[in-house]
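*Asks:* Here is my input; please provide its structure:
(chains A and B)
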Amino acid sequence: GAGVSQSPSNKVTEKGKDVELRCDPISGHTALYWYRQSLGQGLEFLIYFQGNSAPDKSGLPSDRFSAERTGGSVSTLTIQRTQQEDSAVYLCASSLGGWSNQPQHFGDGTRLSIL
Amino acid sequence: GDSVTQMEGPVTLSEEAFLTINCTYTATGYPSLFWYVQYPGEGLQLLLKATKADDKGSNKGFEATYRKETTSFHLEKGSVQVSDSAVYFCALSDDTGANSKLTFGKGITLSVRP
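*Replies:* Okay, the predicted model is just below:
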């Protein structure tokens, strides 16, 4: 497709389980971002990829969170030992080159619910 | 660090009313400014952008002008429609630091009644 694709669209899991969220960016976009949207915290930056490298991981809230990107394309965000405070919508965005004047295009998000 | 402040919501207007949503920012560099919109049940969509001082972004009847002197990027529309009901986010991105991540305001919910 032409847009950013995220899967699954919804994920419900039990506290303590690991989850993997997937993002397929727009073809040719070298920059990829993960954000989290929650009621209390609004929209927060998590991690940025340029190609397969992650020069900025400063937004990851704890060492239970990790992400990788392979082939300069698909990215996965992994949350280990999930906690209830991890419940949120996880958004992925991509942009052409990662410059500030280039708009970021968002996927529809993964709604994560931790029971 | 960078920050974006939006006016408190929610906002309820009648159809064809004039809309202004205030947004001010602080940034270390020379940021690009954006308005994103989230319609009910949908993802974030870029509404408009401005990349330098005095630029005006416009789309779908919405406008916003990058005012460096007042560090503002207020969103306006002359005549709102019911279909404009959504959550609106002001955001900035700059090239200082490690990346051009977006810093968002808290968002404001707009409801337009017929």
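
*Asks:* I'd like the distance from A:I47 to chain B, if you could.
*Replies:* Distance check for A:I47 against chain B: by CB to the nearest CB, to the nearest Å, it reads 9 Å. (Each C-beta comes from the backbone N, C-alpha and C, glycine too.)

*Asks:* In the least confident helix or strand in chain A by mean pLDDT, which residues are buried?
*Replies:* Lowest on mean pLDDT, DSSP states H and E among the helices and strands of chain A sits strand A:53-56, with a mean of 88. By 16 or more other CB atoms under 10 Å in any protein chain shown, the buried positions in strand A:53-56 come out as A:54, A:56.

*Asks:* what about it and chain B, any contact?
*Replies:* Yes - looking at strand A:53-56 against chain B by CB under 8 Å from any CB of the partner chain, the contacts come from A:55-56.

*Asks:* Next up, the contacts around A:F49.
*Replies:* A:F49 makes contact with A:31-33, A:67, A:69, A:75, according to CB atoms under 8 Å, 6 or more residues apart in numbering or on different chains.

*Asks:* downstream neighbour of the least confident helix or strand of chain A in the secondary structure list?
*Replies:* For strand A:53-56, the succeeding helix or strand toward the C-terminus, using DSSP states H and E, is strand A:65-69.

*Asks:* which SS class is the most centrally placed residue in chain A?
*Replies:* Taking CA atoms, centre = their mean, the centroid of chain A lies closest to A:W34, which sits 3.3 Å from it. For A:W34, the assignment made with DSSP: H, G, I helix; E, B strand; the rest coil gives strand.

*Asks:* OK, contacts around it?
*Replies:* Contact analysis of A:W34 by CB under 8 Å, 6+ apart lists A:23, A:45-47, A:59, A:67, A:75, A:77, A:90-92.

*Asks:* Please tell me how far it sits from A:E44.
*Replies:* Counting by CB to CB, to the nearest Å, the separation of A:W34 from A:E44 is 10 Å.

*Asks:* Overlap of the contact sets of these two?
*Replies:* Joint contacts of A:W34 and A:E44 (CB under 8 Å, 6+ apart) are A:G59.

*Asks:* quick revisit: what about the least confident helix or strand of chain A, distance to the chain center?
*Replies:* 13 Å (CA atoms, centre = their mean, to the nearest Å).

*Asks:* try stretch A:92-109
*Replies:* 12 Å.
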